[in-house]
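> build me a structure from this.
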Amino acid sequence: MVPRKSYKKFIPVVNSLKGVTVLVTRPAHQAEHLCQLIKEEGGSAVRFPLLSIAEPTDREALKNVTRRLADFDMVIFISPNAVDKGMLVIEEHGGLPESIRVAAVGKGSARHLEKLGIKTDIFPSQQFNSEALLAMEEMQSVAGKHIVIYRGEGGRELLANTLRARGAKVEYAECYRLAKQLLHGNIDIITVTSSESLQNLYDLVPKPARSALLQLPLIVVSDRTQKLAEELGFKQPAIIAQKPGDEEMVQAMVNWRTQRYHEKSNSGI
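Next up is the predicted model:
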């Protein structure tokens with residue numbers, strides 16, 4: 001496996017992003033590192049957070065659940081945003097109880113928890129989604145357990161529904177909501193880190209301009225988002241990065257650019 005942050009040593013000079021404009025749709029506070037990597041490869045990064053992070057609609061409901069954390073056996077954080085926003089409220093109410101088990105959907109959330117000095121007891125090491133978490137041995141025998149899920153408003157129901165089917169009592173602590181932004185600029189390729197972002201991008205572009213949008217290539221981080229891109233009518237199959245990290249997304253872009261270079265060379269263009 002190529003070590004993180006050393007991938008550039010393995011990339012020939014031709015494999016750069018010179019002249020490529022990349023639309024970065026990560027939330028503004030998470031986009032800096034990815035934009036920097038794109039610039040290091042010679043590309044131009046256009047920051048466009050399709051989903052900005054806003055306060056939850058019902059903050060009192062969030063506080064009410066958080067006040068009862070001592071009643072729960074397990075807390076699950078859906079995303080790094082859930083960690084950042086959820087822990088702010090949790091700290092206001094005395095922090096996580098020592099007895100509670102901490103789970104996260106992916107390594108990104110686990111890293112955010114680690115930065116806060118919190119050990120994550122359960123998180124998948126391969127795929128980073130609800131399905132992977134649910135497949136873990138620790139998530140099988142949950143009958144009678146009281147579980148709280150910190151997430152954004154309107155997230156997927158698979159995790160909670162499956163845990164309930166296994167006999168757990170599940171509550172939500174919705175600690176943020178995602179607000180749409182407006183689109184502008186000329187773009188060569190788009191990075192998308194969630195199906196919600198892709199759907200919002202599609203919805204934000206006026207119908208007369210959608211044909212141009214659907215011609216653009218996409219870098220995504222999951223099969224689910226790739227499938228949505230196909231359903232929405234994107235003409236090129238979305239490229240799935242090996243992992244959802246910034247380095248892996250840039251590597252996918254470089255691979256895309258290299259393939260285009262060789263295709264043009266072989267065709268004599």
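
> what sits against the most centrally placed residue in the chain?
By Cα atoms, centre = their mean, the mean C-alpha position of the chain lies nearest to T193, the distance being 4.6 Å. Under the criterion of Cβ atoms under 8 Å, 6 or more residues apart in numbering, the contact list for T193 reads T25, R26, V220, V221, P244. For glycine as for every other residue, the C-beta is placed from the backbone atoms N, C-alpha and C.

> report the buried members of the residues you listed.
T25, R26, V220, V221, P244 (16 or more other Cβ atoms under 10 Å).

> I'd assumed L88 was in a helix, is it?
Yes - if the criterion is DSSP: H, G, I helix; E, B strand; the rest coil, then L88 is within a helix.

> neighbours around it, how many?
As a burial measure, L88 scores 11 neighbours (other Cβ atoms under 10 Å).

> distance check, it against A143.
Applying Cβ to Cβ, to the nearest Å, the value for L88 to A143 is 32 Å.

> helices along the stretch 51-200 of the chain, start to end?
59-67, 80-92, 107-115, 130-134, 158-165, 195-204 (DSSP state H, counting those that start in this stretch).

> low-confidence ranges in the stretch 151-269 of the chain?
Per-residue confidence for the stretch 151-269 of the chain (pLDDT under 70) gives these ranges: 179-185, 206, 208, 264-269.

> wait, a helix at V250?
Yes - applying three-state DSSP, one finds V250 inside a helix.

> correct me if wrong: it contacts Q36.
No - the pair V250 / Q36 is not scored as a contact, 9.7 Å apart, by Cβ atoms under 8 Å.

> more neighbours, the two?
Neighbour count, other Cβ under 10 Å: between V250 and Q36, V250 has more, with 26 against 12.

> please name the residues that touch that one.
Contacts for V250 (Cβ under 8 Å, 6+ apart) come out as Y7, L17, L34, L37, I38, E41.

> and the closest residue to R164 other than its chain neighbours, what is it in contact with?
The shortest distance from R164 to any non-neighbouring residue, by Cβ to Cβ, 6 or more residues apart in numbering, is to V170 (5.4 Å). Applying Cβ under 8 Å, 6+ apart to V170 gives the contacts I147, V148, I149, A160, L163, R164.

> so what pairs up with V170 in the strands?
I147 (DSSP bridges).

> could you dump the contacts of T193 to TSV with distance to Q127?
Formatted as TSV, these follow (distance: Cβ to Cβ, whole Å):
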residue	distance to Q127
T25	21
R26	20
V220	14
V221	10
P244	10
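
> looking at these, which is nearest A110?
P244 (12.8 Å; Cβ to Cβ).

> which residues touch the closest residue to the closest one other than its chain neighbours?
Leaving aside its sequence neighbours, P244 sits nearest to V221 (Cβ to Cβ, 6+ apart; 3.9 Å). V221 makes contact with V192, T193, S194, I240, A241, K243, P244, M249, according to Cβ under 8 Å, 6+ apart.

> since that was my last question, I'll sign off now.
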